[in-house]
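Participant: Let me see the structure of the following:
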Amino acid sequence: MNRRILQIAIPSIVSNLTVPLLSMADTAIAGHLDSASCIGAIALGSMMFSMVFWLFGFLRMGTGGLTAQACGAGNREECFAVLARAQSLALVIGLLIVALQRPILDVTFRFVTVSAATAPLVRDYFTILVWGAPAVLSVYGFCGWFLGMQDARSPMVLSIFQNLLNVLLSLVLVFGFRCGVSGIALGTLCSQCAGLLLAVLLFRRRHGDFLRQGGRDLRRRVWQLLRRREPFLLFFRVNRDIFFRTLFLVSVTTGFTAFGARLGDTVLAANALLMQYFLFFSYFMDGFAYSGEALGGHCFGARRRDEFLCLTKNLFCWGAGLAVFFFVFYGVAGSALLHLFTSQSEVIAAASESLPFVWFLPFAGVSAFLFDGLFIGVSATRSMCVSMALAALAYFSTLLLFPLSNSVLWSAFLTYLFVRSFVQATLYRKVVATIPLQAKGNF
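Facilitator: This next block holds a predicted model:
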């Protein structure tokens, strides 16, 4: 079981670690342009797309869980039907984002103050990159599907390929053709489209023989599955729950930044640095959450409740080990890392005051990550949504009950993670009961 967990977790962690490297590369390229406004344009434009695409992350999570269940049940036709549903929804949502690009920009400029020099650069960046929305969401669907098929290497290859190509094209367009911020956007757009092409090629390479052997008969059976109402209703229910769960998550992260901004620029900067500690920990925990999603869904489809319980036990052993490691690592090296992030003494001093809260983030968050993966695998998305809603309520209640300070802000964030984990642990027994008791075939 541990070998299966690591086969999915390690490539997923590698994929996750490439994400911040891309953002750093884009910022570094913009930093070598003529104006400081270029950095602000890239930062704001990236934030806009991150928020939009984050809301539609259900295309990866929902697809992965349902595919894993069909894979565990040995229903290859339903596996392809899940992918077809995901790609159809990705295309519709992607085209809607393209069609609504002007309202999205107008809303952003209404809530975010942008200088006269930065605004046109943001507009150029956004209006170019928005055309990649269908490709990005389609790749989300493919990555979730590959993961559900117990294949974590394909998403890793996709992530590394896209990010390296993005950096290369951006460098060529910015410094070779002097395209400025538009060059960074064009480089990202081309890498997104190339990523979709690679996803299709990986799909055909790994599953093309099965599709060709099945011929018209296979396509007919998949079409019949697509016409059935019940799977579509399940698909939309799962994705609806994940969407609202993500809204609650976004409200907490946005609220953390908004409340922190009330405490002044120094505290805002300090919290931004400290949040990097949590994000770094999350890149590792997400890898094991993906293992819970893929293997948990496989257990559900194969009707192996005993395997699911074993998976849970092993995942939490890995999670506990990682939590202890990061607790010790941040306790020993936390202060030194602050000096690597910034040389501003007032920011370091403010961050150092709140550093002890960061030490306990791994213990507060480990269960939330792992339960999320397990719950997605068995389509217990309603339980995920409920736990996130109650955790968000606890977070904002804490902030409203006590006078605002940075200690209260971090205490509220820890409370949010603990409540989320506690509610999920309470609902876990009910989730396990949904897994049928029938052990056929080998896991």
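Participant: Thr63: what's it in contact with?
Facilitator: Val82, Leu83, Ala86, Tyr140, Gly141, Gly144, Trp145, Gly148 (CB atoms under 8 Å, 6 or more residues apart in numbering). C-beta here means a position set from N, CA and C on the backbone, and glycine is covered the same way.
Participant: no wait, Gly334
Facilitator: Gly334 sits next to Tyr277, Leu355, Val358, Trp359 when contact means CB under 8 Å, 6+ apart.
Participant: Apart from its neighbours in sequence, what residue is nearest the first one?
Facilitator: Closest residue in space to Tyr277, ignoring its immediate chain neighbours: Val358 at 4.9 Å, by CB to CB, 6 or more residues apart in numbering.
Participant: one step back: ok, so of the contacts of Gly334, who is nearest Leu168?
Facilitator: Using CB to CB, the shortest approach to Leu168 within those belongs to Tyr277, at 30.2 Å.
Participant: Can you classify the closest one as helix, strand or coil?
Facilitator: Following DSSP: H, G, I helix; E, B strand; the rest coil, the label given to Tyr277 is helix.
Participant: Next one: it, what pLDDT does it get?
Facilitator: Looking at Tyr277, its pLDDT reads 87.
Participant: ok, now how distant is it from Tyr283?
Facilitator: The gap separating Tyr277 from Tyr283 is 11 Å, by CB to CB, to the nearest Å.
Participant: Neighbour count for those two, which is higher?
Facilitator: Neighbours were counted for Tyr277 and for Tyr283 using other CB atoms under 10 Å; Tyr277 has more, 23 against 17.
Participant: Report the contact partners of the more buried one.
Facilitator: Tyr330, Gly334, Leu337, Val358, Leu361.
Participant: Could you chop the protein up by domain?
Facilitator: Domain segmentation of the chain under automatic domain parsing yields 8-227, 240-443.
Participant: ok, back up a step: now, which of the contacts of Tyr277 sits nearest Gly301?
Facilitator: Leu361 (33.9 Å).
Participant: tally of neighbours for the closest one?
Facilitator: Burial of Leu361 is recorded as 23 neighbouring residues (other CB under 10 Å).
Participant: Of all pairs in the contacts of Tyr277, which one is the farthest apart?
Facilitator: Within the contacts of Tyr277, two members stand farthest from each other by CB to CB: Leu337 and Leu361, at 13.9 Å.
Participant: Grab the longest helix from the chain for me.
Facilitator: helix 180-227 (DSSP state H).
Participant: And it, how far out from the chain middle?
Facilitator: Here the centre of helix 180-227 is set off from its chain's centre by 21 Å, with CA atoms, centre = their mean, to the nearest Å.
Participant: Likewise for stretch 311-329?
Facilitator: 20 Å.
Participant: Stretch 317-336 now?
Facilitator: Centroid separation for stretch 317-336 versus its chain: 22 Å, with CA atoms, centre = their mean.
Participant: now stretch 406-426
Facilitator: 20 Å.
Participant: Quick check: buried residues in that stretch?
Facilitator: Judged by neighbour count using 16 or more other CB atoms under 10 Å, the buried positions of stretch 406-426 are 406, 408-424.
Participant: before we move on, what about stretch 88-99?
Facilitator: For stretch 88-99, the buried set under the neighbour-count rule, 16+ other CB under 10 Å, comprises Leu89, Ala90, Leu91, Ile93, Gly94, Ile97.
Participant: and if you look at stretch 106-120?
Facilitator: Thr108, Val114, Thr118, Ala119.
Participant: So for that stretch, mean pLDDT?
Facilitator: Average pLDDT, stretch 106-120: 79.
Participant: Can you give me the end-to-end span of that stretch?
Facilitator: End-to-end distance of stretch 106-120 (CA to CA, to the nearest Å): 12 Å.
Participant: Tabulate the contacts of Tyr277 (CSV), appending pLDDT.
Facilitator: Formatted as CSV, the contacts of Tyr277 follow (pLDDT from 0 to 100):
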residue, pLDDT
Tyr330, 91
Gly334, 85
Leu337, 84
Val358, 91
Leu361, 93
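Participant: re earlier: report the contact partners of the residue nearest to Tyr277.
Facilitator: By CB under 8 Å, 6+ apart, the contact list for Val358 reads Leu274, Tyr277, Phe278, Tyr330, Gly334, Trp410.
Participant: Checking it next. Helix, strand or coil?
Facilitator: Strictly by three-state DSSP, Val358 counts as helix.
Participant: which secondary structure elements does the helix or strand hosting Met156 contact?
Facilitator: Secondary structure from DSSP states H and E places Met156 in helix 153-171. Identification of packing neighbours for helix 153-171 by 3 or more CB pairs under 8 Å, 6 or more residues apart in numbering; DSSP states H and E yields helix 2-31, helix 133-148, helix 180-227.
Participant: Quick one: distance of that helix to the chain centre.
Facilitator: With CA atoms, centre = their mean, you get 17 Å for helix 153-171.
Participant: what does stretch 222-239 give?
Facilitator: Using CA atoms, centre = their mean, the offset of stretch 222-239 from its chain centre is 24 Å.
Participant: In it, which residues are buried?
Facilitator: Neighbour-count burial for stretch 222-239, counted by 16+ other CB under 10 Å, picks out Val222, Leu225, Leu226, Pro231, Leu234, Phe235, Val238, Asn239.
Participant: residue contacts, the closest residue to Gly377 other than its chain neighbours?
Facilitator: Excluding its sequence neighbours, the residue lying closest to Gly377 (CB to CB, 6+ apart) is Gly296, at 2.9 Å. Contacts for Gly296 (CB under 8 Å, 6+ apart) come out as Gly65, Ala68, Phe308, Leu311, Gly373, Leu374, Ile376, Gly377, Val378.
Participant: And the fifth one, which helix or strand is it part of?
Facilitator: This means Gly373. Assigned by DSSP H and E, Gly373 falls within helix 361-377.
Participant: Thank you kindly, that will do.
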